[in-house]
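1. Structural data only, the sequence is not supplied:
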DNA sequence: AGTTGGCACCTAATAATATTCGGAATAATA
DNA sequence: TATTATTCCGAATATTATTAGGTGCCAACT
C-alpha cells in the first residue's frame, strides 16, 4: 500500500495522536484538545475510521494481573512447499488465540510469532501440542521474555 | 506480580473480552452484551481500571496508511557492565518513539526491540545514528518484517 | 429463626455527551 | 464575478453517562 498520509492535515494528525494515547476520550474533550467544535471533530474521527486510518479501538489489559505470566517470541522455519500448503499452515497459526502477533521476516528463520500464555507449562503445551504438529514446520527457536520494558502501539506520527 | 484473576468473576471477564475488541463501545451497549444494567456495568469498568486490570485504551492505527512502511525486529546484545550503566542505556532506548516494544529475553542476545519507521532509510538512520551510538551495545541483529500476518493485543482470557 | 450489615444490583432522575441539522464562511473553480 | 464544494459553527435533538435512592440477597452473628 502506498502512503496516503498526505491527505491528512495537522488536525487529523492531532486527533490520531490523542486517540492513540487515550482511545476512550470523549468527543467533547477531544474537540477541545484539537481546537475544533464537537461536530467537526466527530466528522473527522468518522472519516478517519471509514478511510481505515483508524482500524479499531482496544482496551490494553495487564497481562500479569490476568494470569498471563509467560510471553515468548518464537522464530519458525518452514520447509519449502507449494504456496497453498504454506498459507494453510499460516491460517491455522494466526487463528490460535495464544498467538498475538505473526510476522514474515528476513533472516535465518521465516516467521516470528509472539505468544502469550498463563505459564511455562502452557507454553510448553502450546509448542509441543499445537505448534510442532503443524505440517511443514522445519525448526523453531524460542526466546522467553524475562521482562517487558516497553509495550506500546503508539506510532510516531510525522507532521504533514 | 502474582495473578489476581481469581478476584474476577465471569461478568468481569466478559467486560474485558468486549473492551479488548471494542475499546470505544458505549457503556449502554456494553451493559447489554454482559447482561447487566448500565450503572452496574460502569461501576465494574471503573473498578477494573482502578485496580489496574485495564491499563488504558488505544486507537489502533494503520501503520502503512500513515507512512510507516517499515517494521523491524532488532536483537541487541549488551556488553557486561554494572547494572546502573545498563539501565541508563535501556532508559534511553525505551524513550525513543520509534521503539514500540522492548523485551529482555533469553538466548544469544539480551534484548529484542520492535521498531517502526517510515522507510528503510529511516531504519538505517535509526540503527546507525541512534542505536549503535548507545554505550555498551555489543552486537545487534536486524530482522525486517516482510509482512504482518497478525497483530492483536487481545489476550486469551481464561474462564474464572 | 431472626437480625444486622455489606454488597451488588435495579430503576428513575439528572447531567453530560453524541449526533443531526440548518446556515455561514472560506476557498477553489468556472 | 458567480458558482460550487468544503468545512466549519451553533442550536436542537437523541443518546449516553452518572448519580441517587431503594430492594433483594447472603453471610455472620445474636
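-> Happy to help now that I have it. What you see is a predicted model, and the numbers here were worked out from it, not measured in a lab. Residues are numbered from 1 along each chain as shown, chains lettered A, B, ... in the order given.
2. partner strands of the strand ranked longest in chain A, parallel or antiparallel?
-> Across chain A, the strand with the greatest residue count (assigned by DSSP state E) is strand A:137-151. Each strand that pairs with strand A:137-151, with its direction, by DSSP bridges: strand A:70-78 (antiparallel), strand B:99-105 (antiparallel).
3. how much does the helix or strand just after the first one deviate in direction from strand A:70-78?
-> Once strand A:70-78 ends, the next helix or strand along the chain (criterion: DSSP states H and E) is helix A:83-95. Between the direction of helix A:83-95 and that of strand A:70-78, the angle (axes from the mean of the first three to the mean of the last three C-alpha atoms, to 10 degrees) works out to 180 degrees.
4. What is helix A:83-95 packed up against?
-> strand A:99-105, strand A:111-117, strand B:137-151 (3 or more C-beta pairs under 8 Å, 6 or more residues apart in numbering or on different chains; DSSP states H and E). All C-beta spots, glycine's among them, are computed from the backbone N, C-alpha and C.
5. Would you agree residue A:66 falls within a helix?
-> No. Secondary structure of residue A:66 (DSSP: H, G, I helix; E, B strand; the rest coil): coil, not part of a helix.
6. Okay, it and residue B:51: tell me how far apart.
-> Taking C-beta to C-beta, to the nearest Å as the measure, residue A:66 falls 11 Å from residue B:51.
7. again, but for residue A:104
-> 38 Å.
8. And for residue A:136?
-> Between residue A:136 and residue B:51 the computed distance is 44 Å (C-beta to C-beta).
9. Also residue A:112?
-> 33 Å.
10. More neighbours: the two, which one.
-> Taking neighbours as other C-beta atoms under 10 Å in any protein chain shown, residue A:112 and residue B:51 compare with residue A:112 leading, 22 against 14.
11. can you tell which of the strands paired with strand A:137-151 is closest to residue A:19?
-> Closest of these to residue A:19 is strand B:99-105, at 16.5 Å (criterion: C-beta to C-beta).
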